[in-house]
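K.L.:
sequence first, then the predicted structure, then my questions.
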Amino acid sequence: MTRKGILVRIAAAAATTALAFTAAPGIATAATQAESLFWIRFAAGVQRCLDSNSAGSVYTHVCQDGNNHQKWNNYAPGKFKNKASGLCLAAGTSSVFAGSCEANASDWRTSSTTNKYFTNVSTGLCLHNSGGQAEAVGLRVCRAGTALWTVTKLRS
């Protein structure tokens, strides 16, 4: 590849990255995106956090300060990476899991309200859970109350 071709690809990637910073409003800015950790909490009045394990399962569990499997960062605009596993929140046609951050399945949009909908870009469906202990997280139409989450920034 020529030097000009490489420069064109770099410029296109930079433009795409700049455009993508609007994918997750209210979560992180370009300056804080790598170092900010947060809990994604189920918003229906129970103290349950989005949790994951190294096998890729995603579920809700009682929020615990020392549990790195419950800590997420806005790894890249619209991508939420688990601190403990290094895997990103992702979704298939009917399931939510932690997987490769490079896959389109790990692209999300969030609403800008306090109680947020986490909408998977590929499916158009939202994170869903009824708030039970160690209950799997799934996908659902975004207008349901069981699809609302809050984001709580943690001290690093």
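P.N.:
Perfect, thanks for sending it.

K.L.:
OK, contacts around Leu125?
P.N.:
91, 119, 139-142 (Cβ atoms under 8 Å, 6 or more residues apart in numbering). All C-beta atoms are positioned from the backbone trio N, CA, C, and that covers glycine.

K.L.:
let's see it at 7 Å
P.N.:
139-142 (Cβ atoms under 7 Å, 6 or more residues apart in numbering).

K.L.:
highest neighbour count among those residues?
P.N.:
Ranked by neighbour count (other Cβ atoms under 10 Å), the contacts of Leu125 have Leu139 at the top, with 21 neighbours.

K.L.:
could you list the residues in contact with the helix or strand hosting that residue?
P.N.:
Using DSSP states H and E, the secondary-structure element containing Leu139 is strand 138-140. With contact meaning Cβ under 7 Å, 6+ apart, strand 138-140 is reached by 91, 94-96, 120, 123, 125-126, 128, 146-147.

K.L.:
let me have these in CSV, extended by secondary structure.
P.N.:
As requested, those are arranged in CSV below (DSSP: H, G, I helix; E, B strand; the rest coil):
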residue, secondary structure
Ala91, strand
Ser94, coil
Ser95, coil
Val96, strand
Asn120, strand
Thr123, coil
Leu125, coil
Cys126, strand
His128, strand
Thr146, helix
Ala147, helix
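
K.L.:
ok, the nearest residue to Cys142 once chain neighbours are set aside - how many residues close by?
P.N.:
Once flanking residues are discounted, Cys142 sits nearest to Cys126: 4.0 Å by Cβ to Cβ, 6 or more residues apart in numbering. Cys126 has 27 neighbours, counted by other Cβ under 10 Å.

K.L.:
repeat for Gly78
P.N.:
Gly78 has 22 nearby residues by other Cβ under 10 Å.

K.L.:
ok, back up a step: so which of the contacts of strand 138-140 comes closest to Asp51?
P.N.:
Ranked by distance to Asp51 (Cβ to Cβ), the contacts of strand 138-140 are led by Val96 at 11.6 Å.

K.L.:
for the residue nearest to Cys142, what are its contacts?
P.N.:
Taking Cβ under 7 Å, 6+ apart, one finds 117-119, 139-140, 142, 147 in contact with Cys126.
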